[in-house]
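Chemist: the following comprises the amino acid sequence and a computationally predicted model.
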Amino acid sequence: MVGACGCALVLWSCSAASSPSAPDAGHTALAIDAFTATPSELTEGQSTTLAWTLTGAVTITISPDVGALAADQRSVTVKPVTTTTYTLTATDDAGAPQTRAVTVTVHPRIALEIGSFTATPSDLALGQSTTLAWSLAGAAGVAISPDVGALAAGQTSVAVIPADTTTYTLTARDDAGATQSRTVTVTVHPRKVGDWTYYGAREGLSRDIRDVSADEGGNVYVAGVDALYAKQRGDEKFLRFDAANGGLSRKCNDWSYSTKVAQLPPTPFTLCPVISVAGAAPGGAFVGYDGFDFSFICDLQDVVCLEQPLAGWALDSGGADVVAFDGKSLSLTRHVLTGGPPHVVCDYLHDQWTKKCQPAPGQQPLASLPYWTTGRRLLHRVDHVAVNHNAWSLMYGDAWMGGQHATLAALIAKPQQRGWWDPIAELDASTQDEWKDARYFWEHLHPVVTWTASNGAQSVYYGQGYAVSINPQDGAPWGSNGARTAYVPVNQGGYGETFSRQDWWMGPAAQVVDHADGKTTDWMYGADIWPDVPPFIPASLGDGTPDDSVRALSHCQDGTVWVGSFTHGLAQLDAWGNVIQKVSLPDNFAGAVALACDWGGAGAGTLWIGLGTGGVLRRTTDGHFQDMTVAGAPAFASQPVRSIQLDRWGSGGRVVYFAFGAVSDKSGAITAPGGVAAYAGP
């Protein structure tokens, strides 16, 4: 029994000695689950990320070039210079290792290079597109400036529509951040559609266009309100000239004037609005300005006001300048004070240039003669200018103007050769200086309509110079005050190549009209082309039947003249004012506010018509009308036409210029800018 017990103890003891050790609860078996390189292929200079997942590691090393890492680190960025096999070695807490390898393939770097950068086409008209194209090597990124920006790395072209001549810069970048650039220039010409070329703000013009004209050298001038714009015929952009860089006269200011002028304005004088222009001899032009309305200063019968010396600054506003242009710069030749000096205009029937001022037999002397003693300055706003281009005549260079109150007035060329009496030379020295800018200027005249209003009051209608044209055959100036159209006869004792007398009056564009039943009488002659339906009431008053509403005159080469009416259409007159024909405009077209009779080759005798409602018509010699709307033209080409003028002197054939006015809202703010068109077709 004892032995058995001992044996049992021995057996227990043996059993205990032969059992294995218990597991270590803090030990994790070493295992590398993954070892990757992203990317595994790259170009020299690029980087890759080595990443791994593992368990049970106490130490981590990567070779070559990396070395020991923190046990809990799971990635590292490397930049191999050649194809490299990286080996990850991990050991556990007993020092037992495991390894895993990954190979990164390194390709040789392709040098960054821009092979080409082109624009096709590189020369285009405004509104057209061009394709920019390029070839590259070694580029990781591409951008083009201006206006394009970053592009996809594999992209090799892009289409653009430049608004002006533009130099585009292509910049390519490689993976290392190094860059290369290449440029290409796209030349943008004015918008051209068929035989038409268009000029706007992109070509240097203002937004507010009033008139356009060319001189005999082909230079082109534009009245742009804020300045005069000029260019040579072949140039694509206009140059801007004002008082500062062109010497244009400063005769206006922005003071809020009182009804009666009692003091000089407190602000400096500035350039008056430039509203008309006419080219003259090569490199020369006449510029017309807006001026202060005399009716806000003095009533014509307000002798006390008219004799105020301080009213002179306002009476001298506006007027005209004579300028010279050499293709690059502009200079002032002289200013034109558009008035008559003292001792020229007599109040007795407004006799002019008579060297006397006496009542007719049987009449009493007037108590005061303001025009005789102080001069007359009623034309401030010069709306239109026409220049005599008949180089064979002594009248060559005469500039006829029409505007506020005056149907016709003129700056006389070659005055000494023609026997001009200069009344300014007979004034005292101080008065001569005051009136020096009026030298050789012939003060205005106009047709007059006297009429009886509905209340029985007697009224006089002067109108203003709505249109001016010169007969190329004899040099006679024609003008219209809206209601009546007339001309100044040439070499009939008054105006002409010589001056036997200077008290000119308008000649018989029509016999004196006496609408007895309507109590209307014309004097100083004037054609009532579309006879009034009595009683006569000026259209400007907004009631009654429309008057002639003439807004344009243009002579053809044969001396006939076309008349454009805002309400009646067209009329053609012979050189003596007899009506040849009257023509209505086609349906849906109205307001003949600008005219030009063409002198150009196959187009000679055709009539260009600018519409007040917008757009252009052309009447052929066989009487057919053509709507000259051009598909693809800029928006301003459908706006009201301010002026149409011919350049029949420049090389390359005649060009017809059109001034399209701006469109404004009720406040006067421009909502659609104007522009200029040039037509060089048949």
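Modeler: Arrived safely, thanks for sending. Numbering: from 1, shown residues only.
Chemist: only C-alpha atoms from now on, for both contacts and neighbour counts.
Modeler: Will do.
Chemist: surely residue 237 and residue 231 touch.
Modeler: Yes - between residue 237 and residue 231 there is a contact under C-alpha atoms under 8 Å: 6.7 Å.
Chemist: so these two - more neighbours on which side?
Modeler: Neighbours per residue, other C-alpha atoms under 10 Å: of residue 237 and residue 231, the larger number sits with residue 231, 23 against 20.
Chemist: please, where are all the strands along the stretch 351-500 of the chain?
Modeler: With DSSP state E, counting those that start in this stretch as the criterion, the stretch 351-500 of the chain has strands at 382-387, 399-403, 408-411, 441-445, 448-452, 458-461, 467-470, 477-480, 485-487.
Chemist: isn't residue 482 up against residue 552?
Modeler: No - contact criterion C-alpha under 8 Å: residue 482 and residue 552 do not qualify, at 9.2 Å.
Chemist: tabulate the strands of the stretch 351-500 of the chain in CSV, adding columns for mean pLDDT, mean neighbour count and distance to residue 655.
Modeler: Converted to CSV, those look like this (pLDDT from 0 to 100; neighbours: other C-alpha atoms under 10 Å; distance: least, C-alpha to C-alpha, whole Å):
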stretch, mean pLDDT, mean neighbour count, distance to residue 655
strand 382-387, 97, 27, 18
strand 399-403, 96, 29, 22
strand 408-411, 93, 26, 27
strand 441-445, 86, 24, 31
strand 448-452, 75, 20, 37
strand 458-461, 76, 14, 38
strand 467-470, 97, 28, 19
strand 477-480, 94, 30, 23
strand 485-487, 90, 29, 28
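Chemist: domain-wise, how is this protein divided?
Modeler: Following automatic domain parsing, one gets these domains for the chain: 31-107, 113-189, 192-406+408-445+585-679.
Chemist: now tabulate those in TSV and tack on distance to residue 558.
Modeler: Compiled in TSV, the domains of the chain are given as follows (distance: least, C-alpha to C-alpha, whole Å):
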stretch	distance to residue 558
domain 31-107	83
domain 113-189	37
domain 192-406+408-445+585-679	9
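Chemist: for burial, what's the neighbour tally of residue 201?
Modeler: Quick note: residue 201 (other C-alpha under 10 Å) scores 15 neighbours.
Chemist: meant to ask about residue 124, not that
Modeler: Using other C-alpha under 10 Å, residue 124 has 21 other residues around it.
Chemist: and it, what element?
Modeler: In this structure, residue 124 sits in strand 123-125 according to DSSP states H and E.
Chemist: and whichever helix or strand comes after that strand, how far out from the chain's middle?
Modeler: Downstream of strand 123-125, the next assigned helix or strand under DSSP H and E is strand 130-137. Relative to the centre of its chain, strand 130-137 is centred 34 Å away, using C-alpha atoms, centre = their mean, to the nearest Å.
Chemist: the following helix or strand past strand 130-137 - which strands sit beside it in the sheet, and in what orientation?
Modeler: Remark: after strand 130-137, the chain's next helix or strand is strand 141-145, criterion DSSP H and E. Strand 141-145 pairs in its sheet with strand 149-151 (antiparallel), strand 166-173 (antiparallel), by DSSP bridges.
Chemist: in JSON lines, list those strands along with distance to residue 494, mean neighbour count and mean pLDDT.
Modeler: Shown next, in JSON lines, are the strands paired with strand 141-145 (distance: least, C-alpha to C-alpha, whole Å; neighbours: other C-alpha atoms under 10 Å; pLDDT from 0 to 100):
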{"stretch": "strand 149-151", "distance to residue 494": "71", "mean neighbour count": "13", "mean pLDDT": "95"}
{"stretch": "strand 166-173", "distance to residue 494": "59", "mean neighbour count": "19", "mean pLDDT": "96"}
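Chemist: ok, residue 279 - contacts?
Modeler: By C-alpha atoms under 8 Å, 6 or more residues apart in numbering, the contact set of residue 279 is 213, 214, 215, 216, 219, 220, 221, 285, 286, 387.
Chemist: if you set the cut-off to 6 Å instead, what comes out?
Modeler: Neighbour list for residue 279: 213, 214, 215, 285 [criterion: C-alpha atoms under 6 Å, 6 or more residues apart in numbering].
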